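Q: Provided below for reference: sequence and predicted model.
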Amino acid sequence: MTSNARELAQIPSTPSGRRNLIINGAKQIFQRSTSATGVTTDIYAAPDRWKTRVFSTAEFTISQSTDVPSGQGFGSSCKWDCTTANASPSSTTFLIYEQRIEGQDLQRLAYGTSSAKSLTASFWVKSNKTGAYTVGLYSPDGSRHIESSYTISSANTWEKKTITFAGDTGGTINDDNGEGMRIWFHLGAGSNWSSGTHATTWSAYSQGDVLVDNQVNLSDSTSNEWYITGVQLEVGSVATEFEQRSFGEELALCQRYYEEYTFPANFRMMDTTDGYAQIVVYYKVEKRASATMTTTYSSDPTNAVNIQWTGGFAGLDTNGGNHYLQNFTADAEL
């Protein structure tokens with residue numbers, strides 16, 4: 001083998017460096033819980049970074065599943081399970097599974113210029129409900145969107161889907177820590193979402209232009225299930241092999257938006273002589289923005305006060321007596 005041939009043989013078949021704009025695409029991280037039941041609203045539930053949006057009389061259980069495509073290197077998937085059906089949705093109904101991405105992480109796309117870059121989405125999906133589904137991108141800074149569709153052809157069979165979205169030469173994405181883009185998967189909706197023309201090119205957002213014709217309604221039977229894993233969104237028009245990050249790296253990426261801290265068993269917070277007690281716990285990972293803090297006590301002091309500042313948390317108890325801290329959460333999701 002010549003020297004040039006050896007050098008070419010050492011070049012990886014996929015580009016090096018971080019390619020996937022999606023966090024927790026392989027459904028590894030479930031800090032909140034591995035299962036959320038009776039979901040009927042907008043909520044971050046089960047897999048980290050993924051928002052479940054249910055506006056319907058239907059109910060779903062969103063959970064971690066070990067059902068994955070064989071031989072692809074995935075350990076878990078996210079499962080939607082319809083537990084209360086709605087076979088005749090009203091015009092305003094919707095079922096959406098989405099991830100929101102910070103604008104400052106999207107500047108490489110050069111939106112709003114003639115050099116705007118395309119994005120390719122790839123993912124593995126499975127359902128008993130065959131037919132047409134909608135997946136798209138929405139950019140809130142310019143209130144613009146582009147939609148596409150994919151078809152589940154075989155019931156209860158893992159299928160890989162790949163979709164390329166053109167770059168948006170007419171849009172803008174602010175260079176900040178706010179939401180710059182979301183990728184959303186539509187699992188059913190009422191007529192308000194399909195009253196116009198399916199927006200297959202970037203255009204001003206119109207709700208009526210979102211859904212593909214004959215969009216599946218995942219809520220029409222309690223037999224319905226939908227699984228997804230291996231979600232990747234990358235620059236360019238080619239879907240490369242899924243970018244496998246270590247569990248620790250994926251967890252840290254998720255903790256920028258949400259983290260939990262569990263205190264050691266029987267961690268006691270005792271009042272001092274002046275009636276105050278204080279404990280400081282620093283974030284494991286710096287948050288995207290000022291976080292909403294929630295603290296759990298083994299007893300609930302009526303005068304407890306929770307104070308948060310950049311990088312840490314303080315709990316002050318002015319009620320008197322001893323109280324045992326259990327955990328706190330810090331939420332800075334988009």
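A: Great, that's in hand. Numbering: from 1, shown residues only.
Q: give me phi/psi at the residue lying closest to S191 once chain neighbours are set aside?
A: Spatial nearest neighbour of S191, excluding adjacent residues (CB to CB, 6 or more residues apart in numbering): S91 at 4.5 Å. All C-beta atoms are positioned from the backbone trio N, CA, C, and that covers glycine. With angles defined as degrees, to the nearest 10, S91 sits at phi -60, psi -30.
Q: S91 is in contact with A189, isn't it?
A: No: counting by CB atoms under 8 Å, S91 does not reach A189; the two are 9.1 Å apart.
Q: picking up where we left off before, what about the residue nearest to S191, distance to N224?
A: Distance of S91 to N224, computed by CB to CB, to the nearest Å: 21 Å.
Q: So for these two, which residue has more residues nearby?
A: N224 (22 against 11; other CB atoms under 10 Å).
Q: Now that one, what are its backbone angles?
A: Residue torsions, per degrees, to the nearest 10, at N224 are phi -80, psi 140.
Q: got a list of what the closest residue in space to it that isn't next to it in sequence touches?
A: Leaving out its chain neighbours, the residue that sits closest to N224 by CB to CB, 6+ apart is C82, at 4.4 Å. Contacts for C82 were tallied using CB atoms under 8 Å, 6 or more residues apart in numbering; they are A58, E59, F60, L218, S219, S221, T222, S223, N224, E225.
Q: Need the pLDDT of Y297.
A: Predicted confidence (pLDDT) for Y297: 61.
Q: And for L119?
A: So L119 comes in at 98 (pLDDT).
Q: Leaving aside the residues adjacent along the chain, what's closest to it?
A: F165 (4.9 Å).
Q: What is the burial count for the one you found?
A: 21.
Q: Distance of it relative to A199?
A: Counting by CB to CB - F165 and A199 are separated by 11 Å.
Q: where do the contact lists of these two overlap?
A: G136, I146.
Q: If we go by neighbour counts, what in stretch 247-255 is buried?
A: E250, L251, A252, L253, C254, Q255 (16 or more other CB atoms under 10 Å).
Q: Would you mind measuring from the last one to S290?
A: Yep, that's Q255 we're talking about. From Q255 to S290 the distance is 15 Å (CB to CB).
Q: cool, and the fourth one?
A: Spatial separation of L253 from S290 under the definition CB to CB is 19 Å.
Q: Can you show me the helices along the stretch 151-300 of the chain?
A: For the stretch 151-300 of the chain, applying DSSP state H, counting those that start in this stretch gives helices covering 247-255.
Q: Touching stretch 50-61 from outside, list them.
A: Contacts of stretch 50-61 (CB under 8 Å, 6+ apart): 24, 35-46, 62, 78-86, 89, 92-100, 188, 219, 333.
Q: Give me the buried entries from the residues you listed.
A: Here, 16+ other CB under 10 Å leaves 24, 36, 39, 44-46, 62, 78-82, 85-86, 89, 93-100, 188, 219, 333 buried among those.
Q: Okay, and which of those residues map to helices?
A: Using DSSP state H, no member of the buried ones among the contacts of stretch 50-61 sits in helices.
Q: Can you list which of these are found in strands?
A: Of the positions in the buried ones among the contacts of stretch 50-61, 36, 39, 44, 62, 78-82, 94-100, 188 sit in strands, assigned by DSSP state E.
Q: Just the ones of the contacts of C82 in strands?
A: E59, F60, E225.
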